[in-house]
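>>> starting from these lines, generate the structure:
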Amino acid sequence: MTYLLFLTLHLFAALIFIGTVFFEVLFLESIRQQLPTKVMVLLEQGISRRARQLMPWVLLVLFGAGVAMVWLRYRAVLASPLQSSFGVLLGLKILLAASVLGHFLWAMWLFRSGRMKAGYVRFIHASVFLHLVAIVLLAKGMFYLNG
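Now for the predicted structure:
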């Protein structure tokens with residue numbers, strides 16, 4: 001029952017985080033050409049402010065539940081991850097997730113230090129977007145390719 005709770009929390013936090021990144025990459029970029037610059041700046045500031053308030057909590061739940069799930073069910077698999085395709089894929093998924101967390105922490109540092117620039121925002125969004133696509137594919141593949 002505890003594992004199911006952590007799985008549910010992990011999935012909902014992943015939905016929020018992945019949905020936010022997908023929205024920013026797939027929608028906001030195309031909207032940019034359709035809105036006046038002042039409106040777009042206000043929209044981005046509002047979204048950015050809300051994301052900086054909400055995302056640390058979402059990531060805390062996402063990573064906390066993920067760590068709990070690994071501890072409860074998969075720590076033996078990760079003790080020797082090369083012994084199964086599941087272990088390899090789970091290990092890759094964890095490495096990519098750690099990289100996403102690193103991107104997030106880097107972005108927060110850039111914002112707090114006043115060094116965030118549009119180029120960094122685009123790079124971080126694109127990189128995290130690609131990481132998340134890979135994580136979703138690995139998450140599905142872990143159970144499909146298990147052997």
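>>> in terms of helices and strands, where is residue 21?
Element membership for residue 21 (DSSP states H and E) is helix 2-22.
>>> show me what counts as buried in that helix.
Under the neighbour-count criterion of 16 or more other C-beta atoms under 10 Å, helix 2-22 has 6, 7, 9, 10, 13, 14, 16, 17, 18, 20, 21 buried. Where C-beta positions appear, they are placed from N, C-alpha and C, glycine not excepted.
>>> which strands and helices sit next to it?
The contact analysis (3 or more C-beta pairs under 8 Å, 6 or more residues apart in numbering; DSSP states H and E) places helix 2-22 against helix 37-69, helix 118-144.
>>> identify the residues contacting it?
The set of residues external to helix 2-22 that reach it, using C-beta atoms under 8 Å, 6 or more residues apart in numbering, is 51, 54-55, 58-59, 61-62, 64-66, 68-69, 72-73, 125, 128-129, 132, 136.
>>> report the buried members of these.
Burial by neighbour count, 16+ other C-beta under 10 Å: within these this picks out 51, 55, 58-59, 61-62, 65-66, 68-69, 125, 128-129, 132.
>>> quick one: which of the residues you listed is nearest residue 106?
Ranked by distance to residue 106 (C-beta to C-beta), those are led by residue 128 at 10.4 Å.
>>> return the distance of that closest one relative to residue 43.
Here the criterion is C-beta to C-beta, to the nearest Å. By it, residue 128 lies 20 Å from residue 43.
>>> for residue 69, same thing?
Residue 69 sits 36 Å away from residue 43, taking C-beta to C-beta as the criterion.
>>> just after the helix holding residue 21, pick out the following helix or strand.
Going down the chain from helix 2-22, the next helix or strand is helix 29-31, by DSSP H and E.
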